[in-house]
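Visitor: Sequence plus predicted model, see below.
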Amino acid sequence: MTIVMQNPEPDAAHSPTKTKRASTKEETKTELILRLLRRKTGASLPEMQERTGWQAHSVRGFLSGTVKRKLGLTVEMVPDSKDARRYRIAAGSAA
């Protein structure tokens, strides 16, 4: 017994024509954290974890490895009124 498959008509989902992408670019996690750190109040570790989906050690590693070393920015740790630490990019820090 032989089964013969016929090519069905292509539907819109599998169409070879290119579709235009949205003109807005999605924000990367790096851009997101930098935006949070540039705020006057900075950002707390739990806030950065929630926004990125990263674990605490990943956020801290990103702050020291990428933000401080690779980008050369100075990160300040500012005490919060709730005894929580908040991080922000120091005023006058380049880039």
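Guide: Good, I have the coordinates. Residues are numbered from 1 along each chain as shown.

Visitor: so who does Ala91 touch?
Guide: Ala91 makes contact with no residue under the criterion C-beta atoms under 8 Å, 6 or more residues apart in numbering. Where C-beta positions appear, they are placed from N, C-alpha and C, glycine not excepted.

Visitor: To clarify, my last question referred to Arg51.
Guide: Contacts of Arg51 by C-beta under 8 Å, 6+ apart are 32-33, 36.

Visitor: May I have the phi/psi pair for it?
Guide: Note on Arg51: backbone dihedrals following degrees, to the nearest 10 are phi -70, psi -30.

Visitor: which stretches of the protein have low pLDDT?
Guide: 1-24, 94-95 (pLDDT under 70).

Visitor: quick check: longest helix of it.
Guide: helix 29-38 (DSSP state H).

Visitor: Return the set of buried residues in that one.
Guide: 33-34, 36-37 (16 or more other C-beta atoms under 10 Å).

Visitor: Show me how far the next helix or strand after it is from its chain's centre.
Guide: Heading C-terminal from helix 29-38, the first helix or strand you meet, by DSSP states H and E, is strand 43-44. Distance of strand 43-44 from the chain centroid (C-alpha atoms, centre = their mean, to the nearest Å) equals 14 Å.

Visitor: in this protein, which residue is closest to the centre?
Guide: Lys29 (1.0 Å; C-alpha atoms, centre = their mean).

Visitor: residues contacting that residue?
Guide: Lys29 sits in contact with 52, 54, where contact means C-beta under 8 Å, 6+ apart.

Visitor: can you count the residues close to Trp54?
Guide: 16 (other C-beta atoms under 10 Å).

Visitor: Ignore what I typed, I meant Glu76.
Guide: A count of nearby residues for Glu76, using other C-beta under 10 Å, gives 13.
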